[in-house]
Structures are given as structure tokens and as C-alpha cells.
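1. Sequence first, predicted coordinates after that:
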There are 2 protein chains.
Amino acid sequence: MSDSLKVGLLGAGVVGSQVARILAEQSGELEARVGRRLELVGVGVRDLTKERPGIDPALLTDDLESVVDRSSVVIEVMGGMEPAGALVRRALSRGSSVVTANKALLAEHLAEFSILADDNNADLYFEAAVAGAIPIVRPLRESLVGDEVNSVMGIVNGTTNYILDKMVTSGLEFDEALRQAQGLGYAEADPTADVGGHDAAAKAAILAGLAFHSDVKGSQVYCEGITEITKQDIQSAKAMNCTVKLLAVARTNGDQVAVKVHPAMVPFTHPLASVSGAYNAVFVTSREAGELMFLGPGAGGAPTASAVMGDVVTVARHIVRGGRTTSSSSYRQRQVSDIGDTRTRYFISLEVEDRPGILAKCAAVFASHNVSVQTVQQSYLEGLERRDGFSARLGFMTHEAVESDLAAVVSELKAADFVGPNVRFMRIEGS
Amino acid sequence: MSDSLKVGLLGAGVVGSQVARILAEQSGELEARVGRRLELVGVGVRDLTKERPGIDPALLTDDLESVVDRSSVVIEVMGGMEPAGALVRRALSRGSSVVTANKALLAEHLAEFSILADDNNADLYFEAAVAGAIPIVRPLRESLVGDEVNSVMGIVNGTTNYILDKMVTSGLEFDEALRQAQGLGYAEADPTADVGGHDAAAKAAILAGLAFHSDVKGSQVYCEGITEITKQDIQSAKAMNCTVKLLAVARTNGDQVAVKVHPAMVPFTHPLASVSGAYNAVFVTSREAGELMFLGPGAGGAPTASAVMGDVVTVARHIVRGGRTTSSSSYRQRQVSDIGDTRTRYFISLEVEDRPGILAKCAAVFASHNVSVQTVQQSYLEGLERRDGFSARLGFMTHEAVESDLAAVVSELKAADFVGPNVRFMRIEGS
């Protein structure tokens, strides 16, 4: 066998430490698969004083650039925008291949990095950046590249899926479910990135870019988290045979593409409805293939490291035996739709006085904004729910409608004197 | 743009005609993705007199070798062992890349073809050969190549899944369900390859080879079809909260690998249990990633063509922009276990006289062959089921046991005078 292949690791946290472990434990297997020994030449960390169990102290350095400069394959699992971005640029510019799990960075710079990779004949792989161990980047980049993707819909954040699951199965309010998730380590002390939907939005941008051969940035993704979801929303969904999931959605919308993250009602019969706990899943529809679903652990050190190592072996093989995968494919440049121009089905719940004529008045509001109602369900309010003369609840499920029309309906209903102040609406996906 | 890239198509049946359609309909998109125009230079068919709607008659030829010799990318979707095998060898030897959907051919010659591809610096891609449109070959070849796969378990034959589904939901016997499937076009007039498990066995060999970096041939796969499954087996499974699926299983077995196709009881709670109709699904467990599942349409012209076209764009990009994927990775050469040496859990149903001491006698038989019983369920036979004094049915679920030990239990029970002649057993997977 010839010389070893130099591998540099940036970051030694939850994922990085697992990557280092696998590189050490599986070195014989990896060498057989690549055709050359993978040699870890350095582990770049920002804080040299921290304990890094399992990592040879001689490899640790806070000179991150030196790790890049000594490596043919650079694994970036440090996260954050900088210095990660500068280090990835530095590696690609030198013609080194980069494997990264950094979704926030890619959500802003994927198109730029892809061109840089192609210009320098380097590979850029990032399977671990979306949905952890689930192979979804490669299927979109390669398996479906001869097909036309229509939509990608994913549960791509395990924290919010765990919290919503708890709300559905245990009838908890959001705050209680969040506290439980934090207690079990499923949610961070500052849960904003997860529960605000920002983590999912970064992933949605990456998925949309790959699926539609366009440059979609995280900042262009409409993003609504789960902090406002109430126990009553969950109950309303159940009454409609639906569960509630935080979805990342990317879908063709005429010549444009709708890319959005929001809680949605999902029918129990849809495969995404039964994805529970910290699992992730991505549901893809395409013109020729039809419906595909990918399911697996969406986070965690070892699963994410599995995805990283699959990429490392792939780019290492390219270096050893020749070859490279094209990174850039945003030739189509589809525009991202304004949220008001997107279309889906909706559920609206409102409290009304229980007297003749009210339903007709409500229905007229929907009609006046071109929103077609599919079903209406009436229930009676009990005890404390009953106030100010509003004694009944109406639940409307619409046919597909334009979001701005729906917003007009909601705003007119909120202002109507025959409707109580508690007007709720939710998007319905997967029906 | 430079010259076009020459593509040759071998076969113009259900899949080939869809491939030809996509090449024509999507030529602009495909050119943008590849960076060069894909030009279909010939469509090789065995019978020139057949109508081929949608295919330019000028492209049709029965000179199959000339199609190969004029192409940089050869798409083989004609099926069968020969002349397909000779044509694939011819293409690879010339350094042309091959995309094939031919599972029977690959099940015998994958290792040989892979070496030939590597020796001639050509690509060999075959996503469509297993589970239709579902990306499973690429995930195993690349995404999981830095991990250690423990098991691959798949519903990879839509015909048998449809038939078993019918037996479960409508209470039909096998013959009736098969006739219905034939009437709807889900089963062929000669259904042997499907219902005998041979189609699934070819796919199991390919999956096992990829997952375990070994050369596994279809002829080495233990294969048992669904023709002997009865309505009563389905009912027994239901009583144990299980459904019945034809599974292709590849699993580490000590230093060896167990590769087998057989009907199995699958707990309702397992994700594979709810894969219905003509859908396929593959469930993978690995050391680092944990559990992954891939779900989608397993057959049909357009879905299979989607997988073929993903491969075509990938190999075409390699030709245009440089690069290639390593095909051969059977360095590990794990042996395939004899079925008697494999291990799983089992269900045994038998008819007995309803008198004290019988259960103890049965249990002693299990114990004498080192098979540990987990649960026993007793039910009473009614009406016609009741004969020769055998009035009760015992259902035993075992812990994991060695297949040869289980076979000894079954054979001893069959010979026992306190057990009726109707002794049934089924393997349990996914628990």
C-alpha cells in the first residue's frame, strides 16, 4: 500500500469525537474500502483546555488553519458560521475535499462552496447536514437527478418532533413538554434554534436547493416555530384525524418554489404522521418515481458520524482511484415564493354564538375570499372555555387555497362581532 | 456546448420504453444537469416486428452489439442472462459505462462485472435492480460505507406483498389471492419467479454483497416462497399481533452472513409491517447509524426508469467532468451460512388432544433441542378443524434459536403420537 491519506478534523464535540473514534476503531476496514490508510493528522478545536476523552492529545491543536493545510480531506463538524466558513473556503481553494455537517453554513453558502469545489476539482459532501444518518442528500443529488422532484416534505428536527409527540400522546401544553425534553437532554437550555424552526429552515433551504437545482438560502425560507401551538390545537387536529408535526416543505409553485417551515396538521394515514420521538423522515414525490420515504435517526453523535464517514470514504476513494462528484447544479434558478403566494389546505377553528345564521355568515367570509370549504365540524364549549356568549366551536377544513386569501379570511373573521377572539389556523400537509 | 454524449439502450419493454420517453421529454433538463446533450444512438431489441410506440423507428435495431459499440453509456434493461451478460461485458471491456436494472444477471455476476468495470475505468450502476425507484444501492454503496451494516431486511417483491396483503385484509387463501393479483396485472401468468421467491433471492444476493463487502450469488440464497402459506398461518400470525411478509434478509451471523428469502411473521409494531400493496421497503440496521428505512414503489415502468435515469445522469457527469465510482468492494469475502446455522425466532403451531400433561410433553421436546419458548397460546378447534381427537391448538413463540435445532423440534413433534399431523412453523423477523 502507498502513503496514507491525510485527514483533518475540525471540531471535537458530540459528532467530532465519534468521527475520531470510528477513524481509530475501524481503521483496517476503512483502509480496505478506500484502498489507502486514512491518517488523522490533526484535530482542530477552539478550546485546548477542554477534556477530549478518546482523542490522542498530540493531535489536538487550536491552529485550525494548520489542520486544513496538512489535509487532503477536511472534516468540518465544528458548526457555526465563522471560522468554519473561512476554513471550508481555504480547504476547497487548496483542492482538498470537504465533508461537513454544518447546515447553518451551507444554508447560506452552498451555491458558493459548490462552485469553489468544482473550480478546484475538489469534492464537497454534506450528507450529515440534513436529517442526521438518513441518506437524503445523496438520493436527491444523484438517485433522483434523472427525474423531476415535485415536493420534499420532512420532519428534520428531532427536538420539536419529540415535544409535539409528547403534546399529542400525553396531552401536555408546550411549556411542560419543552421542560420534559430539556430534562431528558432532547432540548437545549436555549431551545430557540429548534423550537423557533430555524434549524429546520436551514435544512429546508439545502433540500430545496438540491431538489430544484436552485440557489435557496436559509434566510429566504418562511419560518414559523412550534412555540404557539396549544393543547387545543392538538385536540382540534385529533378531531380531524390528524396529528401535528413541524414540517420543512419545499414544493414547486408554478415557476417558483415554495420553501417553508411551520407546524402542520398531517392526516394519521400519511406515512409522516407515525414518525415518532427523535426520529426524522423525509417524504419525496417526483414525476416518475412517485412517492418515496426515508426514515431514521436524525441526530446524535454516532448516527451523524455514520453519515460523515460515508462521505469521507466516498471522497477518499475519489482521491485514491480517481473521480469526483459535481457539486454545483443550480442552473435553474427558481425564485422562492412569497409565503402569501403559496398554496395548501388549511384548518380554521373559531368560537361563535350558538344561534341560527352564524354558520352561513362564516361561510360567506370564506367564499368572499375565494376559499372553498371542504368540511365543517361543530362542537360545544364546556365550563371555562365558555365565555362572552361564545358557546360553540366551528372547525373548517378548506380545499387548497392561496395563503394570502386564507390570511384575509382569518383577519376578517377575527374582526367579526359574531366570532370570539380565539381564532386559530393551521396549514394541512400530506393530504 | 461540445459534442453529444452517445447513449445506447438495450431493451424497449416496460422499463426501456419509459427510459426512451424520459430521454426525449427531458432532454433540455438532462443536458443542463450533465453539461452535455445525451443522444440516444440506438435501441436494441430482439424482435424488430413488435410495435414500439413512442420510439423513433430509425433507432430500432436487432444488432445489439452495434448499439453497444456506438455508445459511451449503455443502458441494459432487456433482462435475462444472455445475451445481456455478453453485452454488459462487451460494453465494460470497451470502457463504456453501464447502467443496468438486471437483477438476475447481477445476482450471478456482480463481482465479475465490478472488477471488469474497475479494470477498464468504467462505471457500473444498478440502482434499478433492487426495489425499483427506492434509492438503496447508492445508500449501501456510499452513504453507509463508513459504517458497519448489521442487517438488511426488505420487502423487495411487490407481487408477493400484494398477495399476502390480500390474504391478511380479505381472509383469502393463496390461490384466490393469486388469481385476483393476476386479474389486476400485479402477477404474471407464470408467477413462479415472484411467488417462489426467486426474484427476491436475486435482490437479496445483491443487497448482501453490497452490505457486507462480499461476493454473494443468488444461487447461494436460501429461498422459500409463499405458495404454502395458508389462511390459517395468517390467522395464527394475527393472534400473535403479527402480519406475514415475504422478506429478503441479509444479516451478519458470526463471521459469516445469513442470506435468505422466506415468508416471516413481522410484529404489527415494526415499520415493515405497514408496507402495503405493491410498495417495497428496505430496513437497514448498522452499528453507528442505528435503524434506517427506505420506502417507495418497487416496480413499474416509470419508477424503475427514474432509478435508471438517476444512474445515467451520474455516469454521464463522470464522463463529462471526470470521475468514476469504484464498483468492486468484496474484499471481505464472508461465507454464506447454511440455513441450518442461521438464527432467528420461530412460531410453531400444532394440534393436540386437550388433556393434562400434553403441554409439558411438548415443552420437553423444545427443551431437549435447546430451543427456549417465550410464549404459548392455546385455542380450541371448532367444527371441521376438529378431527382424530385433536381438539386444541397450541401456538409457541420461541426466543432466538438455531434453525437446525428448530427443525429437530418440528420433526420430533410431527412424529409424536400426541400431536396431530398439521404442524406449521414460521420464522419471526423484526422483533
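-> Cool, the structure landed.
2. A:E176 looks like it's in a helix, true?
-> Yes. Membership of A:E176 in a helix is supported by DSSP: H, G, I helix; E, B strand; the rest coil.
3. gap between it and A:C242?
-> 22 Å (CB to CB, to the nearest Å). Every C-beta, even on glycine, is put in place using the N, C-alpha and C of the backbone.
4. and A:S276, what helix or strand is that in?
-> Taking DSSP states H and E as the definition, A:S276 sits outside all helices and strands.
5. Please give the number of neighbouring residues around it.
-> The number of residues packed near A:S276 is 15, by other CB atoms under 10 Å in any protein chain shown.
6. for it, what are its contacts?
-> With contact set as CB atoms under 8 Å, 6 or more residues apart in numbering or on different chains, A:S276 has these partners: A:161, A:165.
7. what do you get for A:E351?
-> Residues near A:E351 by CB under 8 Å, 6+ apart: A:381, A:385, A:390, A:392-394, A:419-422.
8. Who's the closest spatial neighbour of the one residue in the stretch 51-200 of chain A that gets nearest to chain B, skipping the chain neighbours?
-> Of all residues in the stretch 51-200 of chain A, A:G146 sits closest to chain B, at 2.5 Å by CB to the nearest CB. Residue nearest to A:G146 in three dimensions, not counting chain neighbours: B:M309, with 2.5 Å by CB to CB, 6 or more residues apart in numbering or on different chains.
9. ditto for A:G11
-> In space, A:G11 is closest to A:M78, 3.2 Å off (CB to CB, 6+ apart).
10. My read is that the one you found contacts A:V88, right?
-> No. Counting by CB atoms under 8 Å, A:V88 is not a contact partner of A:M78; they are 10.2 Å apart.
11. overlap in contacts of those two?
-> A:N102.
12. neighbour-wise, which of those two wins?
-> The residue with more neighbours, out of A:M78 and A:V88, is A:V88; 26 against 23, by other CB under 10 Å.
13. any idea how far B:C362 is from the more buried one?
-> Distance, A:V88 to B:C362, using CB to CB: 65 Å.
14. how about low-confidence regions in the stretch 1-150 of chain A?
-> Along the stretch 1-150 of chain A, segments meeting pLDDT under 70 span A:1-2.
15. Could you do the stretch 301-431 of chain A as well?
-> A:327-328, A:384.
16. Now do the strands in it.
-> Applying DSSP state E, counting those that start in this stretch to the stretch 301-431 of chain A gives strands spanning A:343-352, A:373-380, A:392-398, A:401-402, A:424-428.
17. now the stretch 1-150 of chain A
-> Counting by DSSP E, counting those that start in this stretch, the strands of the stretch 1-150 of chain A are A:5-10, A:38-44, A:60-61, A:73-76, A:97-100, A:124-125, A:149-155.
18. May I have the strands that pair with the last one, each with its orientation?
-> In this case it means strand A:149-155. Strand A:149-155 pairs in its sheet with strand A:242-253 (antiparallel), strand A:279-286 (antiparallel), by DSSP bridges.
19. got it, and the third one?
-> Pairing partners of strand A:60-61, with direction, according to DSSP bridges: strand A:38-44 (parallel).
20. which other residues reach the partner strand?
-> Outside strand A:38-44, the residues touching it (CB under 8 Å, 6+ apart) are A:4-12, A:16, A:20, A:23-24, A:27, A:30-31, A:52, A:55, A:59-64, A:66-68, A:70-71, A:73, A:78, A:87, A:312, A:316.
21. Could you check how many residues crowd around A:S391?
-> As a burial measure, A:S391 scores 17 neighbours (other CB under 10 Å).
22. Look up how far chain B lies from it.
-> Per CB to the nearest CB, to the nearest Å, A:S391 is found 41 Å from chain B.
23. got the contact list for that residue?
-> Taking CB under 8 Å, 6+ apart as the criterion, A:S391 is in contact with A:353-354, A:380-381.
24. A:R33 contacts B:H213, correct?
-> Yes. Counting by CB under 8 Å, B:H213 is a contact partner of A:R33 at 7.1 Å.
25. biggest helix in chain A by residues?
-> helix A:301-321 (DSSP state H).
26. Which elements pack onto it?
-> Packing partners of helix A:301-321 (3 or more CB pairs under 8 Å, 6 or more residues apart in numbering or on different chains; DSSP states H and E): strand A:5-10, helix A:14-25, helix A:27-34, strand A:73-76, strand A:97-100, strand A:124-125.
27. That helix vs strand A:279-286, what angle?
-> 50 degrees (axes from the mean of the first three to the mean of the last three CA atoms, to 10 degrees).
28. Could you give me the buried positions within helix A:301-321?
-> Neighbour-count burial for helix A:301-321 flags A:301-319, A:321 (criterion: 16 or more other CB atoms under 10 Å in any protein chain shown).
29. contacting residues around the residue nearest to A:G146?
-> For B:M309, the contacting residues are A:145-147, A:288, B:19, B:22-23, B:26, B:30, by CB under 8 Å, 6+ apart.
30. 10 Å instead, please
-> Applying CB atoms under 10 Å, 6 or more residues apart in numbering or on different chains to B:M309 gives the contacts A:143-147, A:288-289, B:18-19, B:22-23, B:26, B:30, B:38, B:75, B:99, B:127-128.
31. Let me have the longest helix of chain A in PDB, keeping just the CA atoms, if that works.
-> The C-alpha coordinates for helix A:301-321 follow below in PDB (Å, rounded to 0.1, in the frame of the first residue of the first chain):
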ATOM      1  CA  GLY A 301     -23.200  11.700  17.700                       C
ATOM      2  CA  ALA A 302     -22.900   8.200  16.300                       C
ATOM      3  CA  PRO A 303     -25.600   8.400  13.600                       C
ATOM      4  CA  THR A 304     -24.300  11.700  12.400                       C
ATOM      5  CA  ALA A 305     -20.800  10.400  12.400                       C
ATOM      6  CA  SER A 306     -22.000   7.400  10.300                       C
ATOM      7  CA  ALA A 307     -23.200   9.900   7.600                       C
ATOM      8  CA  VAL A 308     -19.900  11.900   7.900                       C
ATOM      9  CA  MET A 309     -17.800   8.700   7.500                       C
ATOM     10  CA  GLY A 310     -19.800   7.500   4.400                       C
ATOM     11  CA  ASP A 311     -18.900  10.800   2.800                       C
ATOM     12  CA  VAL A 312     -15.200  10.500   4.000                       C
ATOM     13  CA  VAL A 313     -14.900   7.100   2.400                       C
ATOM     14  CA  THR A 314     -16.500   8.300  -0.800                       C
ATOM     15  CA  VAL A 315     -14.300  11.300  -1.300                       C
ATOM     16  CA  ALA A 316     -11.200   9.300  -0.200                       C
ATOM     17  CA  ARG A 317     -12.000   6.700  -2.900                       C
ATOM     18  CA  HIS A 318     -12.200   9.500  -5.400                       C
ATOM     19  CA  ILE A 319      -8.800  10.800  -4.400                       C
ATOM     20  CA  VAL A 320      -7.200   7.300  -4.400                       C
ATOM     21  CA  ARG A 321      -8.900   5.800  -7.500                       C
END
